[in-house]
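K.L.:
Model the following, please.
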Amino acid sequence: MAHASTIRPMRSARAPALSGTVTVPGDKSISHRAFLFGGLAAGTTRITGLLEGEDVIATGRAMTAMGARIRRDGASWVVDGVGNGCLLEPTEPLDFGNAGTGARLTMGLVGPYDFGATFVGDTSLSKRPMGRVLDPLRQMGVQVVARSGDRLPLSIHGPRVAAPIEYRVPMASAQVKSAVLLAGLNAPGVTTVIEPVMTRDHTEKMLAGFGATLEVETDAAGVRHIRLEGQGRLTAVEHLVVPGDPSSAAFPLVAALIVPGSDIVIRNVLMNPTRTGLIQTLLEMGASIETLAERDAGGESVADLRVRHSALRGVTVPPERAPFMIDEYPVLAVAASFAEGETLMQGLDELRVKESDRLAAVAAGLAANGVAHEEGRDWLRVTGRPDGSGLGGGTVATHLDHRIAMSFLVLGAASERPVAVDDAAMIATSFPEFVGLMETLGARLDPI
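P.N.:
I've put the predicted structure just below:
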């Protein structure tokens with residue numbers, strides 16, 4: 001689904017104490033994979049808690065175009081899969097809108113098939129590099145035709161028989177790891193991914209849950225070796241539960257920490273250790289985040305979080321934590337804007353290749369709203385003002401990036417002056433309920 005053509009500027013003003021209990025939408029990463037694996041597995045998978053954002057729906061449409069049957073049934077989604085190795089050649093280009101995860105993972109899934117597929121996206125997605133996924137696919141025999149480097153629009157065509165590979169991931173990227181593993185599903189023999197730095201492990205867990213033959217070994221140096229046996233049977237999961245997205249929970253969580261007097265509860269948040277880097281960092285900053293009712297949901301750890309306004313202090317966030325919170329740095333920069341002292345975030349090079357150059361976009365947004373900061377090639381230093389005095393009053397260029405829009409709307413909730421974003425329409429790609437949920441807690445968000 002392409003980015004909405006109607007631009008929606010929005011303003012956020014200083015809020016009273018936030019209060020209430022909310023549930024964030026399903027995890028985006030797991031929702032993409034639920035449609036991909038459900039559409040590929042033999043049988044019927046019923047999914048509850050799916051994130052119904054534009055990005056995930058685009059992945060569902062792509063799987064439908066290749067033979068899966070996907071329908072809404074009340075609060076659930078029902079997916080009738082085609083069986084591993086049985087995807088059909090799409091007759092039209094696969095349009096992923098703004099969904100980088102959906103596009104990259106689907107390229108891996110269809111790459112080894114002996115047919116052609118064309119991938120297109122919106123303006124933002126068409127600027128994002130795809131070479132990191134296409135390089136290992138080329139090693140497996142996949143042909144790539146692109147107009148502009150390895151960017152969308154592009155077409156791929158798989159070989160008659162794909163070659164299994166051993167691939168060492170050159171950067172900490174769950175998308176690259178997952179794309180190679182998905183490609184290995186339709187290649188004979190064993191495909192191995194070597195991961196020097198562990199990233200979110202939803203793909204490995206879900207592959208095992210759908211019956212793939214998979215083993216993960218971590219050597220003495222902490223390097224993970226993930227081996228997948230190709231061309232095996234994948235079997236539908238009768239009931240797949242998608243837990244709440246920690247990346248979405250980050251916005252009300254940080255808002256409650258920085259708005260004086262706030263006390264909220266966020267229900268059903270995914271607590272997978274590869275996704276809790278932001279919570280770990282905020283706790284180090286002095287945040288009051290209480291974990292309640294920890295439990296298991298669909299093989300993942302979830303919990304409710306009680307969050308109260310806190311006097312934050314600046315910290316140094318080490319580069320090795322980046323893979324566990326890469327999507328949360330924009331909103332962490334907002335939290336740091338209200339912390340005592342300096343917060344230094346390191347190892348942020350991956351932010352340069354997100355929906356926008358997120359590092360540059362965050363720095364520009366901070367500058368527009370009076371937040372003292374320094375930006376480096378792969379680092380950001382923020383000096384906070386705990387009472388929010390002098391902050392706000394600017395308009396942030398979002399560059400079609402949902403996380404930039406939401407992060408700076410959170411900034412406005414505690415700033416002395418309102419904060420505006422030039423467009424909030426793209427928030428629907430990942431968190432359609434954002435405005436309503438924040439207003440339920442007491443935030444003051446208004447269209448301009």
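K.L.:
Give me the domain ranges for the protein.
P.N.:
Domain ranges of the chain: 10-26+243-447, 28-240, per automatic domain parsing.
K.L.:
export those domains to a markdown table and tack on mean pLDDT?
P.N.:
Output for these, formatted as a markdown table (pLDDT from 0 to 100):
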| stretch | mean pLDDT |
| --- | --- |
| domain 10-26+243-447 | 96 |
| domain 28-240 | 96 |
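K.L.:
Let me have those domains in JSON lines, extended by mean neighbour count.
P.N.:
In this view, the C-beta of every residue, glycine as well, is placed from N, C-alpha and C. Shown next, in JSON lines, are the domains of the chain (neighbours: other CB atoms under 10 Å):
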{"stretch": "domain 10-26+243-447", "mean neighbour count": "21"}
{"stretch": "domain 28-240", "mean neighbour count": "20"}
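K.L.:
Which residue ranges of this protein form helices?
P.N.:
Assigned helices in the chain, in chain order: 28-40, 54-65, 100-110, 131-139, 174-184, 202-209, 246-258, 277-284, 329-336, 358-368, 402-412, 434-441 (criterion: DSSP state H).
K.L.:
could you check the angle helix 100-110 makes with the fifth one?
P.N.:
Relative orientation of helix 174-184 versus helix 100-110 (axes from the mean of the first three to the mean of the last three CA atoms, to 10 degrees): 20 degrees.
K.L.:
which residues touch helix 174-184?
P.N.:
Identification of contacts with helix 174-184 by CB atoms under 8 Å, 6 or more residues apart in numbering yields 29, 33, 36, 100-101, 104-105, 107-109, 111-112, 132-133, 136-137, 140, 142, 162, 164-165, 167, 169, 190-191, 193, 195, 199-204, 207, 226, 228, 230, 323.
K.L.:
now swap in the last one and tell me
P.N.:
Applying CB under 8 Å, 6+ apart, the set of residues contacting helix 434-441 from outside is 10, 18-20, 22, 24, 248, 251-252, 255-256, 262, 264, 406, 409, 413, 424, 427, 445.
K.L.:
ok, now the fourth one?
P.N.:
Taking contacts as CB under 8 Å, 6+ apart, the residues outside helix 131-139 that touch it are 104, 107-108, 111-112, 142, 144, 149-150, 154, 156, 163, 165, 167, 170-171, 173, 175-176, 179-180, 183.
K.L.:
can you give me the strands in the stretch 1-150 of the chain?
P.N.:
Using DSSP state E, counting those that start in this stretch, the strands of the stretch 1-150 of the chain run over residues 10-13, 19-23, 43-48, 69-73, 76-81, 94-95, 116-120, 143-148.
K.L.:
got a markdown table for those, with distance to residue 212 too?
P.N.:
Compiled in a markdown table, the strands of the stretch 1-150 of the chain are given as follows (distance: least, CB to CB, whole Å):
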| stretch | distance to residue 212 |
| --- | --- |
| strand 10-13 | 43 |
| strand 19-23 | 31 |
| strand 43-48 | 14 |
| strand 69-73 | 21 |
| strand 76-81 | 13 |
| strand 94-95 | 23 |
| strand 116-120 | 22 |
| strand 143-148 | 26 |
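K.L.:
Of those, which is nearest residue 345?
P.N.:
strand 10-13 (22.6 Å; CB to CB).
K.L.:
Return the alpha-carbon coordinates of that closest one using PDB.
P.N.:
Provided in PDB are the C-alpha atoms of strand 10-13 (Å, rounded to 0.1, in the frame of the first residue of the first chain):
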ATOM      1  CA  MET A  10      -0.200  17.500  13.500                       C
ATOM      2  CA  ARG A  11       0.700  19.400  16.700                       C
ATOM      3  CA  SER A  12       1.400  18.100  20.200                       C
ATOM      4  CA  ALA A  13       1.000  20.400  23.200                       C
END
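K.L.:
need the contact list for the residue lying closest to residue 154 once chain neighbours are set aside.
P.N.:
In this structure, residue 154 finds its nearest non-sequential neighbour in residue 146, 3.7 Å apart by CB to CB, 6 or more residues apart in numbering. By CB under 8 Å, 6+ apart, the contact list for residue 146 reads 130, 152-155.
K.L.:
same thing but at 10 Å, please
P.N.:
119, 130-131, 134, 152-156 (CB atoms under 10 Å, 6 or more residues apart in numbering).
K.L.:
next one: stretch 288-298 to chain centre, how far?
P.N.:
Chain-centre distance of stretch 288-298: 20 Å, with CA atoms, centre = their mean, to the nearest Å.
K.L.:
Let me know which of the strands of the stretch 1-150 of the chain is the nearest to residue 352.
P.N.:
Residue 352 sits nearest to strand 143-148 of all those, at 18.1 Å, using CB to CB.
K.L.:
now that closest one against helix 100-110, angle please.
P.N.:
Going by the same axes, to 10 degrees, strand 143-148 makes 150 degrees with helix 100-110.
K.L.:
Work out the gap between strand 143-148 and the centre of the chain.
P.N.:
On CA atoms, centre = their mean, the centre of strand 143-148 falls 26 Å from the chain's centre.
K.L.:
Repeat that for stretch 296-307.
P.N.:
In terms of CA atoms, centre = their mean, the centre of stretch 296-307 is set 18 Å apart from its chain centre.
K.L.:
can you check stretch 159-167 too?
P.N.:
Distance, centroid of stretch 159-167 to centroid of chain: 28 Å (CA atoms, centre = their mean).
K.L.:
Would you map the strands across the stretch 301-448 of the chain?
P.N.:
Listed in chain order, the strands of the stretch 301-448 of the chain (DSSP E, counting those that start in this stretch) span 316-317, 342-346, 372-375, 379-383, 395-396, 419-421, 444-447.
K.L.:
Just put these in a markdown table and tack on distance to residue 50.
P.N.:
Shown next, in a markdown table, are these (distance: least, CB to CB, whole Å):
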| stretch | distance to residue 50 |
| --- | --- |
| strand 316-317 | 31 |
| strand 342-346 | 31 |
| strand 372-375 | 36 |
| strand 379-383 | 33 |
| strand 395-396 | 30 |
| strand 419-421 | 27 |
| strand 444-447 | 25 |
